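Participant: sequence first, predicted coordinates after that:
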Amino acid sequence: MNSIMHRDLKPQNVLIGVAKNQVKITDFGLARCFLPNADRAYTERVVTLYYRAPELLLGAPTYTSAVDLWSVGCIMAEMVNFEPLFKADNEIGLLFHIFEKLGTPNKDVWRELPGLAHFSDQFPSFPGKPMQEVRGIWPCPGQGVGAR
């Protein structure tokens, strides 16, 4: 497995070749090599806003290729819905939109949360929604991908 973080996955950087069933990733300008178990700090202002993972929005000093996996999930949901899953004009708006859909994290589920640079105990507490109710994450029963 390659130890590369793309750090800017978005629909514009994913090319789909239907004729040959190919998917190609482009624009490696922000990509970095990483060691999976290394505790190394990287730039936090990466990834186009709609596809940015919560740990980046909260100012985590270190992160892994999980930020790319978050972006892929957002892209997949966008392919189902034909619109971005999380839309906002700024970082705090995006963070709250994520919390509204998935719930506000707490230290019980994210041990490092209180120590993150942009986390606040004053954030609104959203309970999150069942996955079946989160449009774009979980297709309704009987509704396949793209069946609109």
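Facilitator: Right, received. Where do you want to start?

Participant: where exactly do the helices run in the protein?
Facilitator: Residue ranges of the helices in the chain, as given by DSSP state H, are 54-57, 66-81, 91-102.

Participant: output the first one as PDB, restricted to C-alpha atoms.
Facilitator: In other words, helix 54-57. Output of helix 54-57 as PDB, limited to C-alpha atoms (Å, rounded to 0.1, in the frame of the first residue of the first chain):
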ATOM      1  CA  PRO A  54     -13.700  17.300  10.900                       C
ATOM      2  CA  GLU A  55     -10.200  16.800  12.300                       C
ATOM      3  CA  LEU A  56      -8.800  19.300   9.800                       C
ATOM      4  CA  LEU A  57     -11.600  21.800  10.600                       C
END
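
Participant: how close does Ala60 sit to Met131?
Facilitator: Going from Ala60 to Met131 by Cβ to Cβ, to the nearest Å gives 24 Å. For glycine as for every other residue, the C-beta is placed from the backbone atoms N, C-alpha and C.

Participant: ok, the two, which is more surrounded?
Facilitator: Shown here are Ala60 and Met131; by other Cβ atoms under 10 Å, Ala60 has more neighbours (23 against 10).
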